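> need coordinates for the following:
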Amino acid sequence: MIENYFLGIDNGGTMSKAALFNAKGIEIAVASRAVSTIQSHEGWNERDAEAMWKDTLLAIKEVVKSSGVDPDAIKAVACTGHGNGLYLVDEQGIPVRNAINSTDARAQMYVDKWIKSGVDKKALPLTAQSLWAAQPNALLSWLRDNEPEVMDKARWVLMAKDFIRFKLTGEIHAEITDMSGTSLMNVVSGKYDTEVLQLFGIEAYQEMLPPLIGTFDIAGKITSELAEITGLKVGTAVAGGMFDIDACGLASGIIDEGQMSLVVGTWGNNQYIARKPLVDENLFMTSMYSIPGWYLMLEGSPTSASNLDWFIQNFLSAEKEQLGDDFYNWLNEQVEAISPDSSDVVFLPFLYGCNEEEDLSAGFHNVKNNHTKTHLLRAVYEGIVFAHMRHIERLLNFRELPEVIRCTGGASQSEVWMQLFADIIGVPMEIPSGTQLGALGAAIAASVSVGQYSDIQEAVKKMTRVERRYEPNPERENIYNKKYQNYKEIIHKLSQKH
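Presented below is the predicted three-dimensional model:
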């Protein structure tokens, strides 16, 4: 019997990846390319969409070739990618400007204006989410006022993975989980809503919103041109795909209300699902989940592992170059060499955004003359966990702490860091099997789209598994409770000064 395979494509904040999986969810081949960021002005964060597409093509071609799998056996493809930001294209699908990333801050003044005038409260019952600067509603407003010539050329509003899927198939669609996180649609009804756009003053752009499709809908097929370049078979089905937070949720096995998952990456996302949408001003975002009839409740901010990337780039670049592949093992050894009760250095991981009521800057606190770079490194690890804990505390206003939490993202590969998460949060942390969980979530969707499995629940059970588990260390409970309270006290004092 010929085995079937499924290709997942993941265009995240820093990498474009392609990974091939068999029907059991086992990784067969993986390829990736780094995404270059363009920061031409303070607060701007862009990328060249066409360059991202070319890198994605190279990754797909590499995976198909290196896997040795007959293209006839690759039954379907699905894409995932970072949510929000903005990919504007013309009638032919050609970008009319650089894409805008989800960490962009140029449109903050529009968010401030909407909050001051009460638009946020009027929109909340419809959009079910907070407003922030890198959402398309704010970015469209900024472009209207600052780059009207761009808006004159634009025909479609796309998310990252919708742009890649268009390139694969030549068909324009907007997938519903991604679009439901943009404040451009009514999350409760699951449809576009003119009232939502009118509240933000962007109703003139309603015709730029593509037709909505679901995660498992067939959105098109691999074209002959793309087949020749990538090695995929002409006519291979391409599913709708999903928002990357949904992809990580599926790859974590999140299919019921009792579970919770964390994504420790460019953004720190903390999430659970339920059958009823939660609309509350104290929740960051509710969006539609990949499973029809389910919603995803999320607390998140760019206060996660990207802060460690900054620290490495500015303070440990020489060590990284010297150690090569052994660098991250060395990094974990450095952190573990400092006992948790030997240092009270605190790091606030707010380099790319803040998850507190006041917009605070990042910084190290309680640094003394006996502290070294290693003490600061451990503080970065701990501070990022504390930032996740702040989000989890907000989620606990609406639900109980689960018996276990599943964790994905690059940081989940660090045993030292995952033990920190277990010790600080106080529940076991489980790490799903595999290194490309976003791509796996997309592959799961691909498998359902062509009937490999009868529904998503069966696909998740067949294609996911837990690889490692970390139990909280009760001897460190009091130590981390004190450190976390210190973290919150520093934030409180800084907020009073604003």
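> so where is the stretch 1-150 of the chain shaky, pLDDT-wise?
1 (pLDDT under 70).
> can we see that at 50?
Judged by pLDDT under 50, the stretch 1-150 of the chain has no weakly predicted residues.
> mind listing the strands for it?
For the stretch 1-150 of the chain, the strands defined by DSSP state E, counting those that start in this stretch cover 5-11, 15-22, 27-34, 46-47, 74-81, 87-89, 99-100.
> packing partners for the second one?
Read that as strand 15-22. Other helices and strands packing on strand 15-22, by 3 or more C-beta pairs under 8 Å, 6 or more residues apart in numbering; DSSP states H and E, are strand 5-11, strand 27-34, helix 49-67, helix 437-449. (Each C-beta comes from the backbone N, C-alpha and C, glycine too.)
> now the last one - C-alpha only, PDB.
Output of helix 437-449 as PDB, limited to C-alpha atoms (Å, rounded to 0.1, in the frame of the first residue of the first chain):
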ATOM      1  CA  LEU A 437       4.900  22.400  14.800                       C
ATOM      2  CA  GLY A 438       3.400  25.200  12.700                       C
ATOM      3  CA  ALA A 439       4.100  23.200   9.500                       C
ATOM      4  CA  LEU A 440       2.700  20.100  11.200                       C
ATOM      5  CA  GLY A 441      -0.600  21.900  12.000                       C
ATOM      6  CA  ALA A 442      -0.800  22.900   8.300                       C
ATOM      7  CA  ALA A 443      -0.100  19.300   7.200                       C
ATOM      8  CA  ILE A 444      -2.900  18.100   9.500                       C
ATOM      9  CA  ALA A 445      -5.300  20.500   7.700                       C
ATOM     10  CA  ALA A 446      -4.100  19.200   4.400                       C
ATOM     11  CA  SER A 447      -4.700  15.600   5.400                       C
ATOM     12  CA  VAL A 448      -8.400  16.400   6.400                       C
ATOM     13  CA  SER A 449      -9.000  18.400   3.200                       C
END
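> what packs against that helix?
Secondary elements touching helix 437-449 (3+ C-beta pairs under 8 Å, 6+ apart): strand 5-11, strand 15-22, strand 74-81, strand 237-239, strand 242-243, helix 244-251, helix 456-463.
> following the last one, which helix or strand comes up?
The reference is to helix 456-463. strand 466-470 (DSSP states H and E).
> that next one pairs with which strands, and in what direction?
Paired with strand 466-470 in the same sheet, following DSSP bridges, are strand 429-432 (antiparallel).
> quick one: contacts of the partner strand?
The set of residues that contact strand 429-432 without belonging to it, under C-beta atoms under 8 Å, 6 or more residues apart in numbering, is 251-253, 404-408, 412, 418-419, 421-422, 440, 464-470.
> show the pLDDT at the nearest residue to L140 once chain neighbours are set aside.
Leaving aside its sequence neighbours, L140 sits nearest to I202 (C-beta to C-beta, 6 or more residues apart in numbering; 5.0 Å). In this model, I202 is scored at 98, pLDDT.
> thought I202 was touching N137?
Yes - in this structure, I202 is within contact of N137 by C-beta atoms under 8 Å, at 6.1 Å.
> who has more neighbours out of the two?
Comparing I202 with N137 by neighbour count (other C-beta atoms under 10 Å), the higher total belongs to N137, at 26 against 22.
> so how far is L296 from the more buried one?
To L296, N137 is 19 Å away according to C-beta to C-beta, to the nearest Å.
> what about the helices in the stretch 51-200 of the chain?
Along the stretch 51-200 of the chain, the segments classed as helices by DSSP state H, counting those that start in this stretch run 108-117, 119-127, 136-146, 148-153, 160-169, 176-179, 194-199.
> so which of the ones you listed is nearest S290?
Taking C-beta to C-beta as the criterion, helix 176-179 is the member of those that comes nearest to S290, at 5.6 Å.
> can you name every helix or strand that that closest one contacts?
strand 212-213, strand 242-243, strand 285-288.
> in CSV, list those strands along with mean pLDDT.
Converted to CSV, the helices and strands packed on helix 176-179 look like this (pLDDT from 0 to 100):
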stretch, mean pLDDT
strand 212-213, 98
strand 242-243, 96
strand 285-288, 96
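> walk me through the domains of this structure.
Under the assignment automatic domain parsing, the domains of the chain span 5-240, 253-498.
> can you redo the helices of the stretch 51-200 of the chain as a markdown table with distance to T374?
Converted to a markdown table, the helices of the stretch 51-200 of the chain look like this (distance: least, C-beta to C-beta, whole Å):
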| stretch | distance to T374 |
| --- | --- |
| helix 108-117 | 36 |
| helix 119-127 | 43 |
| helix 136-146 | 40 |
| helix 148-153 | 47 |
| helix 160-169 | 37 |
| helix 176-179 | 40 |
| helix 194-199 | 49 |
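> for those helices, which one ends up most surrounded?
Across the helices of the stretch 51-200 of the chain, the average number of neighbours (mean count of other C-beta atoms under 10 Å) peaks for helix 176-179, which reaches a mean of 28.
> what lies in contact with that helix?
81, 83, 159, 161-162, 185, 190, 209, 212-215, 240-243, 246, 287-290, 296.
> again, only using 6 Å
Outside helix 176-179, the residues that touch it by C-beta atoms under 6 Å, 6 or more residues apart in numbering are G83, M159, M185, L212, G214, M242, F243, D246, M288, S290.
> and the closest residue to S66 other than its chain neighbours, how close does it get to M208?
The spatially closest residue to S66, leaving aside those adjacent along the chain, is A29, at 4.9 Å (C-beta to C-beta, 6+ apart). As defined by C-beta to C-beta, A29 lies at a distance of 37 Å from M208.
> any stretches of the stretch 351-498 of the chain with poor pLDDT?
Counting by pLDDT under 50, the stretch 351-498 of the chain has no low-confidence residues at all.
> repeat that with 90
Low-confidence regions of the stretch 351-498 of the chain, defined by pLDDT under 90, span residues 352-353, 357-359, 409-411, 413, 434-435, 496-498.
> the stretch 151-300 of the chain now?
For the stretch 151-300 of the chain (pLDDT under 90), the answer is 258, 265-267.
> now do the SS call for the nearest residue to N397 once chain neighbours are set aside.
With sequence-adjacent residues excluded and distances taken as C-beta to C-beta, 6+ apart, N397 is closest to N282, at 6.4 Å. Look at N282: counting by DSSP: H, G, I helix; E, B strand; the rest coil, its state is coil.
> where does N282 fall, phi/psi-wise?
Geometry field for N282 lists phi and psi as phi -90, psi 10, criterion degrees, to the nearest 10.
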